[in-house]
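J.: Sequence below, structure please.
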Amino acid sequence: MSWLQGRYELAAVFGAVGGPLAYYAGAEMGATEALPSVSGMLVLMAVWALATPFLVWLAGYLKGGGARTGKAP
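T.: Predicted coordinates for the structure are as follows:
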């Protein structure tokens, strides 16, 4: 997901939507028996909305590019 380098707002949106959606899909497939409540899903949204941009930044930093602001080559 190098195309997210420097696009932290977009990464937050993807995290807020994709994180809980993946958890819900896994629960629907039987990976867990407990579906989170509405408040639990809101917590998952908040956590993934913060974690995804951080992980995008960390990947760029560890790759040696630091906190890039443009598109990946």
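
J.: Tell me the gap between stretch 33-51 and the middle of its chain.
T.: Relative to the chain's own centre, stretch 33-51 is displaced by 12 Å; criterion: CA atoms, centre = their mean, to the nearest Å.

J.: Of all the residues in that stretch, which ones are buried?
T.: 41, 44-45, 48-49 (16 or more other CB atoms under 10 Å). Heads up, the C-betas are built off the backbone N, CA and C, glycines and all.

J.: Which strand or helix spans Leu62?
T.: Element membership for Leu62, per DSSP states H and E: helix 38-63.

J.: mean confidence for that helix?
T.: Mean pLDDT, helix 38-63: 93.

J.: Just checking the distance from that helix to the centre of its chain.
T.: Using CA atoms, centre = their mean, the mean C-alpha position of helix 38-63 is found 4 Å from that of the whole chain.

J.: try stretch 28-42
T.: 17 Å.

J.: ok, residues contacting that stretch?
T.: 20, 23-24, 26-27, 43-44 (CB atoms under 8 Å, 6 or more residues apart in numbering).

J.: Which one (most neighbours) among these?
T.: Among the contacts of stretch 28-42, the one with the most neighbours (other CB atoms under 10 Å) is Pro20, at 21 neighbours.
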